[in-house]
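Trainee: Below are the sequence and a predicted model for it; my questions follow.
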Amino acid sequence: MRAVVQRAKSARVSVDGETVGSIGPGLVVFLGVGQDDSRDDASYLAEKVGNLRIFEDQAGKMNLSCIDVSLPVLVVSQFTLYGDCRKGRRPSFTEAAPPERANELYNEFVEEVRRLGIEVETGRFQTVMTVSVDNDGPVTILLDSKKQF
């Protein structure tokens, strides 16, 4: 399971012009599910995101998590995080999980984040979404449950 985590001043996701999820300050998580992912990957990544210390403390040091500062998370599914561009010019998505399995693990990730006491907003799985993120910093972190990076 892969995630691109961005610290945001605000963010929203819309489908066909309708806002389906939005947050003020918090985290935006673009989440991709791979062929070999399981509930363990969802749990691992949820814990990592919830406890990621990328918010500033009183000394201005990135030392606080969204749990510490009670900020929400906006989770958006993004299978393209498994795009492989090593050959040719068109990405291959063979490492991405099939939609039914990906949706199951996407929802498991969302529930795991909620179990940490974090408010969660979401996009709409397997739709074309417009995502607006007002980056804060910018701070962008890449996470992979298999620890490939």
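Mentor: Everything's here; your move.
Trainee: chain center to the biggest helix by length in the chain: distance?
Mentor: The longest helix of the chain (DSSP state H) is helix 99-115. When distances are taken as CA atoms, centre = their mean, to the nearest Å, helix 99-115 is centred 11 Å away from the chain's centroid.
Trainee: what do you get for stretch 52-70?
Mentor: How far stretch 52-70 lies from its chain's middle: 18 Å, per CA atoms, centre = their mean.
Trainee: can you list the residues that contact it?
Mentor: When contacts are defined by CB atoms under 8 Å, 6 or more residues apart in numbering, stretch 52-70 is touched by residues 5, 7, 26-27, 49-51, 71-73, 116-118, 139, 141, 143. Yep, even glycine has a C-beta here, placed from its N, CA and C like the rest.
Trainee: top of those residues by neighbour count?
Mentor: Leu27 (29 neighbours; other CB atoms under 10 Å).
Trainee: Assign the spatially most central residue of the chain to helix, strand or coil.
Mentor: The chain has Val29 as the residue nearest its centroid, 2.0 Å off, counting by CA atoms, centre = their mean. The three-state assignment at Val29 reads strand, by DSSP: H, G, I helix; E, B strand; the rest coil.
Trainee: residues contacting it?
Mentor: By CB under 8 Å, 6+ apart, Val29 lies in contact with Ala3, Val4, Val5, Gln6, Val49, Val73, Leu74, Val75, Val76.
Trainee: Quick check: the gap between Tyr82 and Gly34.
Mentor: With distances taken as CB to CB, to the nearest Å, Tyr82 is found 6 Å from Gly34.
Trainee: hey, what's in contact with both of the two?
Mentor: Common neighbours of Tyr82 and Gly34 (CB under 8 Å, 6+ apart) are Arg2, Glu95, Ala96.
Trainee: List buried residues within those.
Mentor: For those, a burial check counting by 16 or more other CB atoms under 10 Å picks out Arg2, Ala96.
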